[in-house]
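> I would like to see how this sequence folds:
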Amino acid sequence: QVELVESGGGLVQAGDSLRLSCAASGRTFAYTMGWFRQAPGKEREFLAAINWSGGNTNSADSVKGRITISRDDAKNTVYLQMNSLKSEDTAVYYCAAKWSSYGLGPDDYIYWGQGTQVTVSS
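Below you'll find the predicted structure:
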């Protein structure tokens, strides 16, 4: 069982940077960790994933170049660094976990956090 708690969201200006954190209870070394977001009226969108060792990552084309996913297993924490934020980045951001054997794609996540709101003001 893994419990995930996101933090770091808030109100920022367009062009700003923001780092989100996802603190996990339990040991997450066997899990792939991912970040998603959901804007009002839109479907949930996959952003990025990182494997258990942190050596491999995957990110969506829509945000590639503006985001970086990383993890610190000693702290049981996954991060999402977002740069050059735009108003369209406004959404609730979620972290999630799945067994590493399922790869770095957007599917098969079994544990989810409650989300953290990011609002980008233009």
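> strands along this protein, start to end?
Counting by DSSP state E, the chain has strands at residues 3-7, 10-13, 18-25, 31-38, 45-50, 57-59, 67-72, 77-82, 91-99, 111-112, 116-121.
> which of these sits most buried?
strand 31-38 (a mean of 24; mean count of other C-beta atoms under 10 Å). For glycine as for every other residue, the C-beta is placed from the backbone atoms N, C-alpha and C.
> that one pairs with which strands?
Paired strands of strand 31-38, with direction, are strand 45-50 (antiparallel), strand 91-99 (antiparallel) (DSSP bridges).
> which residues are contacting stretch 101-113?
1-6, 22, 31-32, 34, 36, 46, 49-51, 56-58, 60, 94-99 (C-beta atoms under 8 Å, 6 or more residues apart in numbering).
> contact partners for F36?
Neighbouring residues of F36 by C-beta under 8 Å, 6+ apart: 44-47, 93-96, 106, 109.
> ok, of those, which one's closest to N83?
Taking C-beta to C-beta as the measure, N83 lies nearest L47 of those, at 13.1 Å.
> surely that closest one touches V63?
Yes - the criterion here is C-beta atoms under 8 Å, and L47 meets it with V63 at 5.6 Å.
> if we can go back for a sec, tabulate the strands of the chain in JSON lines, adding columns for mean pLDDT.
Output for the strands of the chain, formatted as JSON lines (pLDDT from 0 to 100):
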{"stretch": "strand 3-7", "mean pLDDT": "96"}
{"stretch": "strand 10-13", "mean pLDDT": "97"}
{"stretch": "strand 18-25", "mean pLDDT": "95"}
{"stretch": "strand 31-38", "mean pLDDT": "96"}
{"stretch": "strand 45-50", "mean pLDDT": "97"}
{"stretch": "strand 57-59", "mean pLDDT": "95"}
{"stretch": "strand 67-72", "mean pLDDT": "94"}
{"stretch": "strand 77-82", "mean pLDDT": "96"}
{"stretch": "strand 91-99", "mean pLDDT": "96"}
{"stretch": "strand 111-112", "mean pLDDT": "96"}
{"stretch": "strand 116-121", "mean pLDDT": "98"}
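> this completes my enquiry, with thanks.
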